[in-house]
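Novice: The amino acid sequence is not available; the structure is as follows:
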């Protein structure tokens, strides 16, 4: 999973946590509200606690009822009224601030009726008293009363019902989150693959319908622009390459002709030799430029073939020697005994070019001659092609630079670095596109040792 | 470079060079004439080349790919309709696709400009040797003559019979005379694709060939071993 997908995942997780928090906080608020339900606002005493104080607060002394001062002040404060009904005959024995429309005689059915609902639209509450029934009435429309009747057998299922509701709610939240997550992922998958392809240098054409239509369009345009630039660059290099090759043919051809003509003075022959040498350098430069362009083309990898490393190595060295090298140079091939059962999968043309570049490098940097060893070895997971010479070699810091430069062409410090043309860079790139690697070092003779390691296949 | 008898025979072959660049045409012509080829025709266009081919029946052609009135590949196809001489493409087009197309059509070789004149000459001789060996099957070495058709070598007044395998090995080496031929190429040529394990047999055959062609087989001067790589048949002392 890439970084953008992770961030979307995180976003959805946070969303789920947020929804869960809201749910939990709502539950908490509900519980707090229920706990405070019995408390009236602004410090008013709730009806029930007040009622409970009546048995002791309303006493019969000296043939009359006396109400506690505190009860009285609470009733006044809340605009309530109160009465005491004789439980034997239904007469009102005592009352306080009793509204006029409230009767003073009650039957059992009257009491049963108002105790559950209203008395003349007054919400009333009742409590027992040693002398009868205490009724406290609140102002009209101040309290809403409802009577619930739940079968006892159902009471036990309420907890289960609440838990089920909570689980269902959580499941719905989870499903919503998953849906958002899946939808978001699907919508960005197209965009993500496009961005990844562009980042790795591949051209794209995304489906530009859907949520991210605008982004897909922009990415397609970017890809088209990159393709145009790349084509223009390739055409330019190919054009230059072609135009340079024809005059170079004439230069190198005549230079070699003069160089090999014994009837001409020696200094003329030497000058011709120098012209030919410089011509060949220009030719190699053009070849390198073309090769770098070609390495960026994925078509090259489609030409991969399975080949035995020893057969390939022999062919490369034979062709190199057949093309003619100065007598001051010698190339020696050596190889491990058990290479017969191993093969490599590679583009033969490119790999040959990489090895030729290493051989040319040894020749170019050792003009007075050297001995070059070409060793093919069977390593643990790789086949290695090692080109090692006994020439002047390289300084340690130059070798270190060679080993770390992977983005030579795009380096912003290219001209601050001492570099060795494109030859070794091409070697590194060829190894890289074959899932292999290169290693440069000084050998024990002080010369340069270059190793190309490629994944091996067992036959 | 080449042994006298053989070289004269090959140098009598008529060569046509097709290139739209006059300076390149001139240079190649001078190179071929200097090398001893007697008859060299030059053409700058496809049309001109076809006329020259019809009129002079050349034995070998060097074709550029990019021509003003077409390309070298279509010229090659047009030539092949009525003639069957060997062809080498010599072009500035260096893309693998071009090389594969050229060789795929049946060309004998493909070289990219700029080239080393020496290399061009060697390749021309190699192609001519392969293409016209039936005309003159003799390999003439210093003090030894090999007749591949009769499967014999003559040295010091003695005639040595050559086995079929020895003829095949010598034929393979001779088609790339003066160049290293790898062990794998020789084994492939003699024993086919199933060549593994024949290296020791090849060494034994090489030893026997040396006894039949070398003045001093223990210090060979014609059939040279290139350690680890293969063998080279030197046809010039």
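Specialist: Yep, that arrived. Remember, predicted model here, so these are calculated numbers, not experimental data. Numbering: from 1, shown residues only, chains lettered A, B, ... in the order given.
Novice: number of nearby residues for the spatially closest residue to residue A:310 that is not a sequence neighbour?
Specialist: Spatial nearest neighbour of residue A:310, excluding adjacent residues (C-beta to C-beta, 6 or more residues apart in numbering or on different chains): residue A:339 at 4.6 Å. Just so you know, the C-beta spots here come from the backbone N, C-alpha and C atoms, and that holds for glycine as well. Other residues near residue A:339 come to 18 when the count uses other C-beta atoms under 10 Å in any protein chain shown.
Novice: Would you check that residue A:339 makes contact with residue A:311?
Specialist: No - counting by C-beta atoms under 8 Å, residue A:311 is not a contact partner of residue A:339; they are 9.2 Å apart.
Novice: Pull the residues that contact the helix or strand encompassing residue B:76.
Specialist: Using DSSP states H and E, residue B:76 sits in helix B:72-82. Helix B:72-82 has contacts (C-beta atoms under 8 Å, 6 or more residues apart in numbering or on different chains) with B:18, B:46, B:49-50, B:53-54, B:61, B:63-67, B:85, B:87, B:89, B:91, B:101-102, B:105-107.
Novice: if we look at chain A, which of these are close to it?
Specialist: Contacts with chain A within the contacts of helix B:72-82, counted by C-beta under 8 Å from any C-beta of the partner chain: residue B:66.
Novice: Flag every buried residue along the helix or strand hosting residue B:120.
Specialist: In this assignment (DSSP H and E), residue B:120 forms part of helix B:117-131. For helix B:117-131, a neighbour-count test (16 or more other C-beta atoms under 10 Å in any protein chain shown) marks B:117-118, B:120-129, B:131 as buried.
Novice: Check the residues you listed one by one and keep those near chain A.
Specialist: B:117-118.
Novice: which one of the buried residues of helix B:117-131 is nearest chain A?
Specialist: Distance ranking of these against chain A, using C-beta to the nearest C-beta, places residue B:117 first at 4.8 Å.
Novice: Isn't that closest one up against residue B:29?
Specialist: No - taking contacts as C-beta under 8 Å, residue B:117 lies outside contact range of residue B:29: 11.9 Å.
Novice: for residue 55, helix, strand, or coil?
Specialist: Answering for chain A, as no chain was given. Under the three-state scheme (DSSP: H, G, I helix; E, B strand; the rest coil), residue A:55 adopts helix.
Novice: neighbours of the nearest residue to it once chain neighbours are set aside, just the number please.
Specialist: Distances taken as C-beta to C-beta, 6+ apart place residue A:129 nearest to residue A:55, at 5.4 Å, with adjacent residues excluded. Using other C-beta under 10 Å, residue A:129 has 22 neighbouring residues.
Novice: do the same with residue B:217
Specialist: Around residue B:217 there are 14 residues (other C-beta under 10 Å).
Novice: Surely it is in a helix?
Specialist: No - Residue B:217 is assigned coil when assessed by three-state DSSP, not a helix.
Novice: got a list of what the residue nearest to residue A:55 touches?
Specialist: With contact set as C-beta under 8 Å, 6+ apart, residue A:129 has these partners: A:54-55, A:58, A:84.
Novice: so which pair among those residues is furthest apart in space?
Specialist: Maximum pairwise distance in the contacts of residue A:129, criterion C-beta to C-beta, is 10.5 Å, between A:55 and A:84.
Novice: Compare these two (neighbour count), which wins?
Specialist: A side-by-side neighbour count of residue A:55 and residue A:84, using other C-beta under 10 Å, places residue A:84 first with 23 against 14.
Novice: Which of the three states applies to the more buried one?
Specialist: Reducing the assignment at residue A:84 to three states with three-state DSSP gives strand.
Novice: Am I right that residue A:22 is in a helix?
Specialist: Yes - under three-state DSSP, residue A:22 sits within a helix.
Novice: And it, how far from residue A:173?
Specialist: From residue A:22 across to residue A:173, the span is 9 Å (C-beta to C-beta, to the nearest Å).
Novice: Those two - which one has more neighbours?
Specialist: residue A:173 (17 against 11).
Novice: per-residue pLDDT, that one?
Specialist: In this prediction, residue A:173 carries a pLDDT score of 79.
Novice: Then residue A:300?
Specialist: pLDDT at residue A:300 comes out at 61.
Novice: can you check residue B:44 too?
Specialist: Confidence score, pLDDT, at residue B:44: 94.
Novice: Spit out the contact partners of it.
Specialist: Contacts of residue B:44 by C-beta under 8 Å, 6+ apart are B:18-20, B:22, B:25, B:67-68.
Novice: now it: how far from chain A?
Specialist: Distance of residue B:44 to chain A, computed by C-beta to the nearest C-beta, to the nearest Å: 13 Å.
Novice: Could you do residue B:68 as well?
Specialist: Distance from residue B:68 to chain A, by C-beta to the nearest C-beta: 14 Å.
Novice: what about that residue, how many neighbours?
Specialist: 9.
Novice: hmm, back to that, from the contacts of residue A:129, pick the one nearest chain B.
Specialist: residue A:54 (108.2 Å).
Novice: and the contacts of helix B:72-82, which are buried?
Specialist: Buried by 16+ other C-beta under 10 Å: B:18, B:46, B:49-50, B:53, B:61, B:63-67, B:85, B:87, B:89, B:91, B:101-102, B:105, B:107, out of the contacts of helix B:72-82.
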